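*Asks:* Based on what follows, work out the 3D shape:
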Amino acid sequence: MRLVIIGGGILGTAHALAAVRRGHEVVHLEREVEARGATVRNFGLVWVSGRSANELDITLRSRQLWEEIGGQVPGVGFRATGSMTLVRNEHELAVAEAAVANPGAADRGFELLDADRVRALNPALRGKFLAGLHCSTDAAVESRQALPALRRYMEATERYSFFAGTEARTVTGSTVIDDRGRRHEGDLVLVCPGAAHSGLTRELAGDLPVRRVRLQMMQTAPLGEPLTTAVADGDSFRYYPAFAGAELDRLNLEQAQPFTAAQHKMQLLMVQRLHGGLTIGDTHEYDEPFAFDVDEAPYEHLISVSEELLGRKLPQVVRRWAGVYSQSIDPGAIVTRAQASDAVWVITGPGGRGMTLGPALGEETADLLHL
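*Replies:* Residues are numbered from 1 along each chain as shown. Just a heads-up that it's a prediction; the model follows:
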């Protein structure tokens, strides 16, 4: 079978990979010269720890796929780093204790460590905290390297063609016509538009049950020492469904976030890139229109919390950016798949789970379409 895939982000690339690995031919279109959306503006985290119980199986499958892909395509930079969520008070500690006691904790690789054991596992953490919730199944890839590496891998099969700087304008049957008037014929068209909900996406599938979410992040110069796990702060409990329960309700009731963190719906996530620098974030903004500039206050908060946990000054911040991703508004949906016609599907809305779940979502779609 020949597929035409529109959209060169993680979902489009993961769907291409699933099809190529099953022996199909793929023509892949991306309107930019290189993907510039949420796929390359994220942490590169394969995040098992925070996923809800009904997402756990597909998340663990995706984690397995990423490890397999990392072995076949070293350029994606897969590392089984695990993560450490650091708790700084008794309310956060209660949430961590409940997480370890919950069903599924063993599948996630949860273990609650005291401060000395945290520092033994991750010596770069020399700051102030009571304990750490370790998740051994969390991992990381290099988000800015992964897509080109995966495309090179697929191109070597001679069943994959990538058209950069090519915008799909119309879809007729299973034929895509691009902005140069070229026709790309296939048996099936998959549209993976990311956060581009208007234009061709709306023409094909109407108004989908998705919203856009904006975040702010930053990158430092090299830390100068290994950060052996990804790091989160206790505020991350508030934003991940795995931690829902009475203990989290009590945390939210009795422990308010600092003003800036509450205003920008913040958590701290921090991961070390292969070049040694730290990617740090993030904020959550849901009400459009989004600003075109970034606010400084969230960065000041992130720097303060990072330095408190590391027990040292951060290296120089060398980049700051904002990103926008697509999120399904159906709380029971992991991703939105809309069949626009017999041969056309639109797939978007994984929320902040796109990098984590990309390979498994591509595999799931391939199963759904009997590829």
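
*Asks:* Low-confidence ranges, this protein, go.
*Replies:* The chain contains no residues with pLDDT under 70.

*Asks:* for it, which helix is longest?
*Replies:* For the chain, the longest helix by residue count, based on DSSP state H, is helix 56-72.

*Asks:* any idea which helix or strand comes after it?
*Replies:* Next in sequence after helix 56-72, counting helices and strands by DSSP states H and E, comes strand 83-87.

*Asks:* what pairs with that following strand, and is each one parallel or antiparallel?
*Replies:* strand 131-135 (antiparallel), strand 230-233 (parallel) (DSSP bridges).

*Asks:* starting at the chain centroid, how far to that strand?
*Replies:* Distance, stretch centre to chain centre, for strand 83-87: 18 Å (Cα atoms, centre = their mean, to the nearest Å).

*Asks:* Send me it as PDB with only the CA atoms.
*Replies:* This file holds the C-alpha atoms of strand 83-87, laid out as PDB (Å, rounded to 0.1, in the frame of the first residue of the first chain):
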ATOM      1  CA  SER A  83      13.100  10.600  36.400                       C
ATOM      2  CA  MET A  84      13.100  12.000  39.900                       C
ATOM      3  CA  THR A  85      10.200  14.100  41.200                       C
ATOM      4  CA  LEU A  86      11.600  16.000  44.200                       C
ATOM      5  CA  VAL A  87       9.300  16.700  47.100                       C
END
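
*Asks:* and the helix or strand following it, what other elements does it pack with?
*Replies:* Next in sequence after strand 83-87, counting helices and strands by DSSP H and E, comes helix 90-101. Here helix 90-101 touches strand 83-87, strand 110-114, strand 131-135, helix 246-254, going by 3 or more Cβ pairs under 8 Å, 6 or more residues apart in numbering; DSSP states H and E. Any C-beta I mention is one placed from the backbone N, CA and C, and that applies to glycine too.

*Asks:* Give me the buried positions along stretch 116-135.
*Replies:* Residues of stretch 116-135 classed as buried by neighbour count (16 or more other Cβ atoms under 10 Å): 118-119, 121-122, 124-125, 127, 129-135.

*Asks:* first to last residue in it, what's the distance?
*Replies:* With Cα to Cα, to the nearest Å applied, stretch 116-135 spans 17 Å between its terminal residues.

*Asks:* ok, now stretch 178-185?
*Replies:* End-to-end distance for stretch 178-185: 11 Å, by Cα to Cα.

*Asks:* tell me which residues in that stretch are buried?
*Replies:* Per 16+ other Cβ under 10 Å, stretch 178-185 contains these buried residues: 178, 184.

*Asks:* which residues in the chain form helices?
*Replies:* Counting by DSSP H, the helices of the chain are 10-21, 56-72, 90-101, 105-108, 115-121, 143-155, 200-205, 246-254, 259-263, 296-310, 354-368.

*Asks:* do you know which of those lies nearest residue 220?
*Replies:* With distances scored as Cβ to Cβ, the stretch of the helices of the chain nearest to residue 220 is helix 296-310 (8.7 Å).

*Asks:* Could you measure from the closest residue to residue 238 other than its chain neighbours over to residue 276?
*Replies:* Spatially, and ignoring its direct neighbours in sequence, residue 238 is nearest to residue 252 (6.5 Å; Cβ to Cβ, 6 or more residues apart in numbering). Here the criterion is Cβ to Cβ, to the nearest Å. By it, residue 252 lies 36 Å from residue 276.

*Asks:* got the end-to-end distance for stretch 218-226?
*Replies:* Criterion Cα to Cα; first-to-last residue distance in stretch 218-226 is 18 Å.

*Asks:* which parts of it are buried?
*Replies:* Of the residues in stretch 218-226, those buried (16+ other Cβ under 10 Å) are 218-220, 223.

*Asks:* Now for the nearest residue to residue 34 once chain neighbours are set aside: which residues touch it?
*Replies:* Once flanking residues are discounted, residue 34 sits nearest to residue 164: 6.8 Å by Cβ to Cβ, 6+ apart. Residue 164 is in contact with 8, 30, 32-34, counting by Cβ atoms under 8 Å, 6 or more residues apart in numbering.
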